[in-house]
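Visitor: next comes the sequence, and after it the predicted model I'd like to discuss.
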Amino acid sequence: MRQIDTKRPVTATSRAARPAPVTTMVERAYDHLLYMLMSLKIAPGERIAIDTVARQLGISQTPVREAMSQLEAEKLVYKMPNVGYRASPQMTRAEVRDLYTLRQLIEPYAAARAAEAMTDTAIQTLRAIGQDMSSVVEGDARAYSRFAEADAALHRLIATGSGNRLIAETIDRLHAHLHIFRALYATNAPHEAAREHRAIIDALVAHDAAAAERAVRHHLECSQQRMDAVLAQGAASD
Ligand SMILES: [Zn+2]
């Protein structure tokens, strides 16, 4: 059992200072569940039993519960009273349309401002994200969820790079990226998106505001088309 020091308030610092093995277990549970959700091995809407996951991973239920809370914050799972956790349902076509309408209003503008304001540190981070994205291997589901996380990181960097806190918070609150890539699993999305991201990254690094704005607008159009194609297929096979 972990010793709880009652004299110290529970703050972000004291949480970060917890013994390493606990963090590792939570990370392991998180990575496993993210992989299962993103690769649709856990289907949208499916119930997720904490004790089963814990048994599969050979760990206790506590880190699994903590990983679930993180995934709940990402809106990939939700908790139902007396039932437990379920994987979030797939986005509907109306939700997709609303999501991209909002993103088109905000993100191209954010990209232009970010391109003007790019610092050396931000450029370094951008390059690292670009590297992460190019490491996606065909048919590797774990690399796939890493790609989705890198996509989230890129769009977050653009949002915060805009220097407008409300824009950054609004985009963050959409939790769009993991949902989008979960829906696009078994498509060629990462390869197509990687090309579009390359154009965005190049424009940001070059401090070219107009090109960054254009590249983000184009990327969002393509991404919406990919989502539409998948959801139209789903509707046809229902
Ligand atoms: Zn993207």
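Guide: It's in.

Visitor: going forward, measure contacts between C-alpha atoms and count neighbours the same way
Guide: Fine.

Visitor: just checking, next helix/strand downstream of the lowest-mean-pLDDT helix or strand in the chain?
Guide: In the chain, the helix or strand scored least confidently by mean pLDDT, DSSP states H and E is helix 12-16, which has a mean of 42. Per DSSP states H and E, helix 12-16 leads on to helix 20-38 as the next helix or strand towards the C-terminus.

Visitor: pull the distance from that next one to the chain's centre.
Guide: Taking the mean of its C-alpha atoms, helix 20-38 sits 15 Å from the chain's own mean (C-alpha atoms, centre = their mean, to the nearest Å).

Visitor: and it, average pLDDT?
Guide: For helix 20-38, mean pLDDT is 85.

Visitor: cool, stretch 62-75 as well?
Guide: Mean predicted lDDT for stretch 62-75 stands at 94.

Visitor: give me the contacts around that stretch.
Guide: Applying C-alpha atoms under 8 Å, 6 or more residues apart in numbering, the contact partners of stretch 62-75 are 22, 25-27, 29-30, 34, 50, 53-54, 77-79, 85, 88, 175.

Visitor: closest one to Glu116 out of these, please.
Guide: Nearest to Glu116 among these, counting by C-alpha to C-alpha, is His175 at 25.5 Å.

Visitor: and for the closest one, the neighbour number?
Guide: 15 (other C-alpha atoms under 10 Å).

Visitor: which ones are touching it?
Guide: His175 neighbours (C-alpha under 8 Å, 6+ apart): 74-75.

Visitor: show the model's pLDDT score for it.
Guide: Predicted confidence (pLDDT) for His175: 81.

Visitor: how about the nearest residue to Ala194, chain neighbours excluded?
Guide: Spatial nearest neighbour of Ala194, excluding adjacent residues (C-alpha to C-alpha, 6 or more residues apart in numbering): Met133 at 6.7 Å.

Visitor: now that neighbour: which helix or strand?
Guide: helix 120-134.

Visitor: other SSEs contacting that helix?
Guide: helix 141-161, helix 189-205 (3 or more C-alpha pairs under 8 Å, 6 or more residues apart in numbering; DSSP states H and E).

Visitor: worst average pLDDT in the ones you listed?
Guide: helix 141-161 (a mean of 87).

Visitor: how about residues contacting that one?
Guide: 34-35, 38-39, 107, 110-111, 113-115, 117-118, 122, 126, 129, 132-133, 135-137, 167-168, 171-172, 176-178, 181, 190.

Visitor: need the CA coordinates for that helix. CSV is fine.
Guide: Only the C-alpha atoms of helix 141-161 are listed here, as CSV (Å, rounded to 0.1, in the frame of the first residue of the first chain):
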residue,chain,number,x,y,z
ALA,A,141,-2.2,-0.1,-34.1
ARG,A,142,0.0,1.2,-31.3
ALA,A,143,1.8,3.6,-33.7
TYR,A,144,-1.6,4.6,-34.9
SER,A,145,-2.7,5.9,-31.5
ARG,A,146,0.7,7.6,-31.1
PHE,A,147,0.0,9.4,-34.4
ALA,A,148,-3.4,10.5,-33.1
GLU,A,149,-1.7,11.9,-30.0
ALA,A,150,0.9,13.7,-32.1
ASP,A,151,-2.0,15.2,-34.2
ALA,A,152,-3.5,16.5,-30.9
ALA,A,153,-0.1,17.9,-29.9
LEU,A,154,0.3,19.7,-33.2
HIS,A,155,-3.1,21.3,-33.2
ARG,A,156,-2.6,22.2,-29.5
LEU,A,157,0.7,23.9,-30.3
ILE,A,158,-1.0,26.0,-33.0
ALA,A,159,-3.8,26.9,-30.6
THR,A,160,-1.5,28.0,-27.8
GLY,A,161,0.9,29.6,-30.3
